[in-house]
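Asks: Below are the sequence and a predicted model; questions follow.
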Amino acid sequence: MTEHQPLDRLDLKILGELQQNGRIRNNELAERVGISAPPCLRRVRSLFTGGFIRAIRAALNERLLGYEVTSFVLIQLTSQARTSVQAFEAAIAENPLVLQCWQLSGDSDFLLKCVARSVEGMHQQLLQFSAMADVRTIRTYPVLGMSKDAPLPLPADLASTAAEAHAKA
């Protein structure tokens with residue numbers, strides 16, 4: 001599969017199965033999508049190299065591992081200059097308690113998903129953010145619970161859309 005070839009229905013089936021169970025054995029995956037194991041493995045590898053699969057990893061339960069507090073944090077910078085944004089992103093990349101960092105358009109520049117072992121730990125993390133150069137405002141939204149964590153929908157008409165998006169990337 002090259003970036004010029006669109007995803008076909010078989011690729012979408014493979015992606016759907018892997019979203020449901022990233023630990024599935026290649027033989028079982030091949031059986032579920034209706035092909036033999038060798039071409040299935042080639043397709044999975046191609047989906048990786050093509051960038052359609054970013055990673056396969058376990059989704060861990062933060063609370064059972066001692067991270068009692070999860071918060072979403074909105075950050076507004078004093079400047080959106082490339083150097084300011086890059087410096088902020090580099091600092092955030094070094095913080096293991098920031099699980100996700102999204103650059104936004106609008107009133108805030110970044111949305112962070114953060115974890116901490118306690119409320120005091122989250123407070124210390126927020127103090128670190130406020131001490132960073134170019135941070136103007138911080139708004140914190142503590143998580144009370146999660147009501148949905150779904151895989152990406154893969155409708156049949158996504159194949160051409162995904163290929164177009166991949167070609168632009």
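Replies: Done, it's in.

Asks: And the pLDDT for the residue lying closest to Asn27 once chain neighbours are set aside?
Replies: Spatial nearest neighbour of Asn27, chain neighbours left out: Ala37 (5.1 Å); criterion: CB to CB, 6 or more residues apart in numbering. (Each C-beta comes from the backbone N, C-alpha and C, glycine too.) Ala37 carries a pLDDT value of 97.

Asks: okay, now Ala37: neighbour count?
Replies: Using other CB atoms under 10 Å, Ala37 has 14 neighbouring residues.

Asks: Contacts only, for it.
Replies: Neighbouring residues of Ala37 by CB atoms under 8 Å, 6 or more residues apart in numbering: Asn26, Asn27, Ala30.

Asks: okay, those in JSON lines with secondary structure next?
Replies: Formatted as JSON lines, the contacts of Ala37 follow (DSSP: H, G, I helix; E, B strand; the rest coil):
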{"residue": "Asn26", "secondary structure": "helix"}
{"residue": "Asn27", "secondary structure": "helix"}
{"residue": "Ala30", "secondary structure": "helix"}
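
Asks: between the residues you listed, which is nearest Ser118?
Replies: Asn26 (42.3 Å; CB to CB).

Asks: That closest one against Arg43, yeah?
Replies: No. Shown here, Asn26 and Arg43 do not form a contact pair, counting by CB atoms under 8 Å, at 10.2 Å.

Asks: Between those two, which has more neighbouring residues?
Replies: Arg43 (22 against 12).

Asks: Next one, pLDDT for the closest residue in space to that one that isn't next to it in sequence please.
Replies: Residue nearest to Arg43 in three dimensions, not counting chain neighbours: Ile14, with 5.8 Å by CB to CB, 6+ apart. Ile14 is assigned 96 on the pLDDT scale.

Asks: now Ile14, what's its secondary structure?
Replies: Going by three-state DSSP: Ile14 is helix.

Asks: Tell me how far it lies from Ser36.
Replies: To Ser36, Ile14 is 13 Å away according to CB to CB, to the nearest Å.
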